[in-house]
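In: coordinates for the following, if possible.
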Amino acid sequence: MRIVLIGQAAFGEKALQALSERGEEIVGVYTSPDIPGKANPLKELAIKLGIPTFQPERMRAPDVYAEYIKLNPDLNIMAFVTDILTERILSYPKLGTIQYHPSLLPKHRGGSAINWAIINGETKTGITIFWPDKGIDTGPILLQKEVEISPDDTVGSLYFGKLFPLGIEALVESVELLGKGVAPRLPQDESRATYEGLCGEKDAVIDWLQPATKIYNLIRGTNPQPGAITHFQGKGFKVFDSELLPDGVDAVPGEIVSITEQGFVVAAINGAILIKRVQVKGSPKIGAPEFAEQVGLRVGDRLGE
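Out: Have a look, this model is predicted:
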């Protein structure tokens, strides 16, 4: 079948690589415009393989459709797409369009599905390959695969260690099902649907009056992006690597309990958080002990607004 792959970043690259190694006919690749100083691995691989490659600013631009139909695809594959496609592109191929999403739809529709699953303290998630329509992650399901969210998983470890490789496998399996003419279209159960907006800095502010487990989930669920935010002496900084210390401490929430070579321990309700890595705006990430020394953080100081 003639496939157009629409994607970006490492996921798009690995999807193209896997499909090409299977001998699938990729007739065109659409990816995001180049960012100065940053590699585009999907574009680089597509050019290496001799596949026509396109980088429109917006997939909805009128000239994109005219260019696209010349490729005469049988199937579109959306592999990590943040742009919006027109319905006429989605429905143009005779086999339609399939898309990867990093949650068990209809749960966690939206662009920050991995973040919210961890922030909410969930213990399982997965990937969905579905048939996109004009809604946001609302089309019928082709297949799903479930994974465990480990107690210390971050967005980075969950995605790159589990959901990324599983998604590539699932896309290949989906193409196999399509080739055999047995790919299902299972309606999503709207009674179970949830939607969350993009997880931004406003969602990532730490409230030290919350239980330690909830704070830890927020830190994990915003690592590496957008980073959990707290303050010291009125200046904000982001928290990344951390560890949950479940034993209670005799201190006010937000108070620095100890500072060691590993980092600094902050009291919370029913536990504490060991902060290991942080970042001040405009600077690279650094170890928490180095940060403590730079800002003069001492035992007894308090974090927060």
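
In: now the helices for the stretch 1-150 of the chain?
Out: Along the stretch 1-150 of the chain, counting by DSSP state H, counting those that start in this stretch, helices occupy 9-21, 41-48, 62-68, 87-90, 113-119.

In: how about the stretch 201-305 of the chain?
Out: Using DSSP H, counting those that start in this stretch, the helices found in the stretch 201-305 of the chain span residues 212-220, 288-295.

In: any idea which helix is longest in the chain?
Out: helix 164-180 (DSSP state H).

In: show me the contact partners of it.
Out: Here helix 164-180 makes contact (Cβ atoms under 8 Å, 6 or more residues apart in numbering) with 1, 3, 10-11, 14-15, 18-19, 22, 24, 75, 77, 79, 95, 98, 100, 102, 126-127, 129, 142-143, 145, 147, 183-184. C-beta coordinates here come from the backbone N, C-alpha and C atoms, glycine included.

In: single out the most deeply packed of the helices of the stretch 1-150 of the chain.
Out: Per residue and on average, the most neighbours among the helices of the stretch 1-150 of the chain fall to helix 113-119, with a mean of 24 (mean count of other Cβ atoms under 10 Å).

In: what residues are up against Ile127?
Out: 100-104, 144-145, 147, 163, 166-167, 170 are the contacts of Ile127 under Cβ under 8 Å, 6+ apart.

In: hmm, what's the outermost residue in the protein?
Out: Most distant residue from the mean C-alpha position of the chain: Asp250, 36.9 Å away (Cα atoms, centre = their mean).

In: from Ala267, how far off is that one?
Out: Asp250 sits at a distance of 8 Å from Ala267 (criterion: Cβ to Cβ, to the nearest Å).

In: thinking again about what came up before, out of the contacts of helix 164-180, which are inside strands?
Out: Of the positions in those, 3, 75, 77, 79, 98, 100, 126-127, 129, 142-143, 145, 147 sit in strands, assigned by DSSP state E.

In: so which residue is dead centre in this structure?
Out: Geometric centre of the chain, nearest residue: Ile114, 5.3 Å, by Cα atoms, centre = their mean.

In: and the pLDDT for it?
Out: Here, the pLDDT recorded for Ile114 equals 98.

In: swap in the one 4 residues further on?
Out: Here the pLDDT value assigned to Ile118 is 98.

In: same deal with the one 4 residues further on?
Out: pLDDT, the model's per-residue confidence, is 98 for Glu122.

In: can you list the domains in this protein?
Out: Following automatic domain parsing, one gets these domains for the chain: 2-192, 201-295.

In: turn those domains into CSV, including distance to Gly304.
Out: Listed next are the domains of the chain as CSV, based on distance: least, Cβ to Cβ, whole Å:
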stretch, distance to Gly304
domain 2-192, 19
domain 201-295, 4
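
In: closest one to Asp301 among the ones you listed?
Out: domain 201-295 (4.8 Å; Cβ to Cβ).

In: that closest one: end-to-end distance?
Out: This stretch, domain 201-295, spans 22 Å end to end (Cα to Cα, to the nearest Å).

In: residue ranges in the stretch 101-250 of the chain under the pLDDT threshold?
Out: Nowhere does the stretch 101-250 of the chain drop to pLDDT under 70.

In: quick revisit: which of the contacts of helix 164-180 count as buried?
Out: With burial judged by 16 or more other Cβ atoms under 10 Å, the buried subset of the contacts of helix 164-180 is 3, 11, 14-15, 18-19, 24, 75, 77, 79, 95, 98, 100, 102, 126-127, 129, 142-143, 145, 147, 183.

In: sorry, back to before: which of the helices of the stretch 201-305 of the chain is buried the deepest?
Out: By mean count of other Cβ under 10 Å, the helices of the stretch 201-305 of the chain have helix 212-220 as the most buried, with a mean of 23.

In: how many neighbours does the nearest residue to Ile84 once chain neighbours are set aside have?
Out: In space, and not counting its chain neighbours, Ile84 is closest to Arg60: 6.2 Å by Cβ to Cβ, 6 or more residues apart in numbering. Using other Cβ atoms under 10 Å, the number of residues around Arg60 comes to 13.

In: backbone phi and psi for Arg60, please?
Out: Arg60 adopts backbone torsions of phi -80, psi -10, taken as degrees, to the nearest 10.

In: could we number from 68 for the rest of this?
Out: Shifting the count to begin at 68 puts that one at Arg127.

In: you'd agree it is up against Leu157?
Out: No - taking contacts as Cβ atoms under 8 Å, Arg127 lies outside contact range of Leu157: 11.5 Å.

In: returning to that earlier point: tabulate the helices of the stretch 268-372 of the chain (TSV), appending distance to Pro103.
Out: What follows is those, written out as TSV (distance: least, Cβ to Cβ, whole Å):
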stretch	distance to Pro103
helix 279-287	32
helix 355-362	30
